[in-house]
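Chemist: Prediction below, plus the sequence it came from.
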Amino acid sequence: MQPTGADVETFVEAIPNVTRRADARALCVLLSEITGQPPVLWDSSIVGFGSYHYRYESGHEGSAPLASFAPRGTHLVIYLIGGFTDRHEQLLRRLGPHKAGKGCLYIKSLADIDVGVLRQLVSRSMKVHQGQDRASGAG
């Protein structure tokens, strides 16, 4: 995955669903606040903030955003650290309606969730990516 250099504002303004577009704008502000980084378009549809370098035991390595999201058809997808559902069960119970995958949090609308809890989840995920919180399982 690589930054594209495409304009994030143009990408966000092209989101057809009005609510999803407004939520994407709000996530740009929120994730910029958390990371201290501006939004950058990665690949063709992921809005990322900052970056970190990773290397797997297999030797595969690359760069990825510290925090990122993608406005999809039926959900906003917020990318978090793999295994976040096990690491942060208590926070997820307080978040509000959502679905979770291996490293993805799916929400229908920011209005449905506790944005303060989302802020904590993103912040904790970012710290793990930065190597500041590798062993913490608190949540």
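Modeler: Received the coordinates, thanks.

Chemist: my read: Val12 touches Leu27, true?
Modeler: No. In this structure, Val12 is not within contact of Leu27 by CB atoms under 8 Å, at 9.3 Å. C-beta coordinates here come from the backbone N, C-alpha and C atoms, glycine included.

Chemist: So the two - more neighbours on which side?
Modeler: Taking neighbours as other CB atoms under 10 Å, Val12 and Leu27 compare with Leu27 leading, 25 against 20.

Chemist: That one should be in a strand, yeah?
Modeler: No. Leu27 sits outside any strand when classified using DSSP: H, G, I helix; E, B strand; the rest coil, being helix.

Chemist: my read: it touches Phe69, true?
Modeler: Yes. Using CB under 8 Å, Leu27 is in contact with Phe69, at 5.1 Å.

Chemist: show me the residues around Arg25 that make contact.
Modeler: With contacts defined as CB atoms under 8 Å, 6 or more residues apart in numbering, Arg25 is in contact with Val12.

Chemist: Distance-wise, check it relative to Val12.
Modeler: 6 Å (CB to CB, to the nearest Å).

Chemist: one step back: got any residues that touch both of Leu27 and Phe69?
Modeler: Common contact partners of Leu27 and Phe69 (CB under 8 Å, 6+ apart): Val47, Leu76, Ile78.
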